[in-house]
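Q: Pasting the sequence and the predicted model now:
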Amino acid sequence: MTDAESVLTELTERFWTWRLATLPRTRDDIPRVARPDGWRPAWDAAAVAADLRFLAGVEDALRAVAPSQGTEVEVARRLLGSATARVRWELEIVASWRRDPWFYLDQTVGHIFDALLPPGPFGPARSADLVGRLSWIPATLDTARDNLADTATREFAELALRDSVSAPEQLQTAIARLAPLLDGDWGTAAVTAAADAARALADWRSWLTDRLPTFAPHRPVGPEAFAFFLHRVALLPWSTAELLALSARERDRAEAFELFESARSGPPEWPPPPASAQDQSVAERAAELEVRAFYEERGLLSQPDTLRHYRNLPLPDHLEPLRWLGVTDDLTDEHRLDQDGISYVPPPGQELPYFYRANAADPRAGIIHEGVHYQQLALTWRHPDPAHRQFYDSVPNEGIAFYNEEMTLQAGLFADAPLTRAIVYNFMRLRAIRVEVDIRLALGEIDIDGAARMLRELVPVDLETAREEAAFFASAPGQGLSYQVGKAQVLRLLADAARRDRDGFDLRAFHDALWADGNVPLAVQRLQLLGDPGDLLRADELAGAGVDMRRFGAELLDAITSGDVARLGLLYADDVRVWHNYDGVARDRAESLDAVRRIGEHYDGFHATDVRIDPLPDGYVQRCVYRGRERATGAGMAVDAMMRVEVRDGRVVRIEEYTDPAQGSVSEEVGG
């Protein structure tokens, strides 16, 4: 093992031990992880500060590892770089822990939902774990108040309030239904803990309602920060303009195929829904065996005997009240590879939401996507390198599943199923439109309501699905584009691999390798499978094409200390807000420029020393000491200051300035 390999092995192991202990819960089913006994979420300010210190240490150590011509070292370096960039994205850019009340629904009742997903039995350990999760809900909601009080986003708060309107009652109903299934006296303990948690939820919702008018409107992450996600986290080789062009082409293609299918088969005819969820589950079991046999017969994808099955089951009564908290499936985990993957289905009916209706009409519509998630994860969790078993970004996972939909369609799985062909083509249209919705939300070109309208009118999907998707994509930029962009990367990888091997290309072997390492960003897969670093180098080029934050920060500081209000006005966006910790007030552009003007009127020799500027994807953090002499008294002044500056399109959109209360504040001294 080389020195670089040794350093990366130790650093990667240390990072993932920490990451799995601190990973936030989300509504997505792909990143779910098993939580150890006694685990609880920690999102207080001290815990987040400790997380950021740990992250900075890993980033510093990783920067010391030079790029390598050796594939093994470079793969490990790139994977750790993507993983650390994702944490930076979560904690400092999207910052859901400070901005999104839904985040705390995830970190409280969301963990209860996750605990109920694996089928029974509920033995002593599992029953105790559930009661433990219920017991820390009140304290976690207290932390939520502290973190959200001054920084929450109004639209996210409105969505959280709307979605959780019955959450206290739903939690108690779910636990009351589950209690008879729990071991021993744990049922009584769970009911008591659920009552305490429900009261805490109701109190938190009341607090959130009272605070709602004080919350700032939604601010999109903006182009600089979104570029960081695209090229540092997801390692994508395409700019936003290229992604939008890709989206438009794929939408045209999907709509053309829908027209061809209509000419071939006429308007799609929906069959009567199954008589019950149990009947649907029986039909799905037969369909899953059919799909597995199809893979083998066509030489598409190996189906080893050790790979368990993907099953539908009726939605349990105790899970039904909480189904709004995530995808109602259990894809297992790396410690439960001997168990089937489960997707719970609601009672069939004509009014089911978009995806549920499609799956009820033909269970294969779900098997070729969600079933692929189960198989891909179950195969990936067998990878000999633990770092390859971890979640990095949704692009490879969703890209593989979406690619599989069209692969099975083109290979003939639905030759006798015109409705399912039409459904798959409509899925294609949805995923293409999601790219545009996701990017335009992230760049601030549309709001959440506008995104929901696009999905409702252009796909079309039902209003409930459209609103859920739009809100989720606004809170998780980059998720919506993952399906289409990942599929495009897989298709390029397939075509290039086939061209390289010409007549000797083995499609089954290609798919087996792709699925078995399906958590790894596809630019890294390209390096592994083809020895081609081109997509990684292009991602590096795009990541480095943004604003030079150190130079920008130095110019802004010079404008402030010199009192050059005209130059400062050019650097400030029209809707800039400047917040100071000494009074908690966010001032607008005119007020902030006036405060700088007054500094020049009150101080001689105003300047900054001990300046340090640390770039971030969406701006920078500046630390300095402001010095000067008060003109009226001649008294010297020295104030330690830290500023978090957010930059979008080359202009400042927000400054948060913190000074030591014992030293005062420059703005406070001049009444700014």
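A: Right, received. Where do you want to start?

Q: tell me the SS of the closest residue to D106 other than its chain neighbours?
A: Using C-beta to C-beta, 6 or more residues apart in numbering and skipping the chain neighbours, the partner closest in space to D106 is R25 (4.7 Å). Where you see a C-beta, it was placed from the backbone N, CA and C, and this is true even at glycine. Following DSSP: H, G, I helix; E, B strand; the rest coil, the label given to R25 is coil.

Q: Identify the residues contacting G120.
A: L181 (C-beta atoms under 8 Å, 6 or more residues apart in numbering).

Q: Please identify the helix or strand for it.
A: G120 belongs to no helix or strand when assigned by DSSP states H and E.

Q: hang on, the earlier thing: wait, doesn't the residue nearest to D106 sit right on Q107?
A: Yes. The pair R25 / Q107 is scored as a contact, 5.8 Å apart, by C-beta atoms under 8 Å.

Q: what do the two both touch?
A: Common contacts of R25 and Q107 (C-beta under 8 Å, 6+ apart): P41.

Q: And those two? Which one has more around it.
A: Q107 (24 against 21; other C-beta atoms under 10 Å).

Q: how about G341, phi and psi?
A: Main-chain dihedrals, G341, degrees, to the nearest 10: phi -80, psi 140.

Q: From what I see, it and D333 are in contact.
A: No. Using C-beta under 8 Å, G341 and D333 do not qualify as a contacting pair, with a distance of 10.5 Å.

Q: Give me the buried positions along the helix or strand where G569 lies.
A: According to DSSP H and E, G569 maps onto helix 565-571. Using 16 or more other C-beta atoms under 10 Å as the test for burial, helix 565-571 gives V565, L568, G569, L571.

Q: just stretch 64-75 next, same as before
A: Neighbour-count burial for stretch 64-75 flags V65, S68, V73, E74, V75 (criterion: 16+ other C-beta under 10 Å).

Q: can you tell me which of those lies nearest to I400?
A: V75 (18.2 Å; C-beta to C-beta).

Q: rewinding a little: which secondary structure elements does the helix holding G569 contact?
A: Judged by 3 or more C-beta pairs under 8 Å, 6 or more residues apart in numbering; DSSP states H and E, the packing partners of helix 565-571 are helix 549-562, helix 589-602.

Q: what's the spacing between that helix and its chain's center?
A: Relative to the centre of its chain, helix 565-571 is centred 36 Å away, using C-alpha atoms, centre = their mean, to the nearest Å.

Q: So what touches it?
A: The list of residues contacting helix 565-571 from outside it, by C-beta under 8 Å, 6+ apart, reads F552, E555, L556, A559, I560, R589, L593, V596, R597, R651, V652.

Q: quick one: average pLDDT of it?
A: Averaging pLDDT along helix 565-571 gives 89.

Q: Could you do stretch 448-467 as well?
A: Averaging pLDDT along stretch 448-467 gives 87.

Q: Mind putting the helices and strands packed on helix 565-571 into JSON lines with mean neighbour count and mean pLDDT?
A: Formatted as JSON lines, the helices and strands packed on helix 565-571 follow (neighbours: other C-beta atoms under 10 Å; pLDDT from 0 to 100):
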{"stretch": "helix 549-562", "mean neighbour count": "18", "mean pLDDT": "91"}
{"stretch": "helix 589-602", "mean neighbour count": "17", "mean pLDDT": "91"}
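
Q: Which of those sits closest to E541?
A: Relative to E541, the nearest member of those by C-beta to C-beta is helix 549-562, separated by 17.7 Å.
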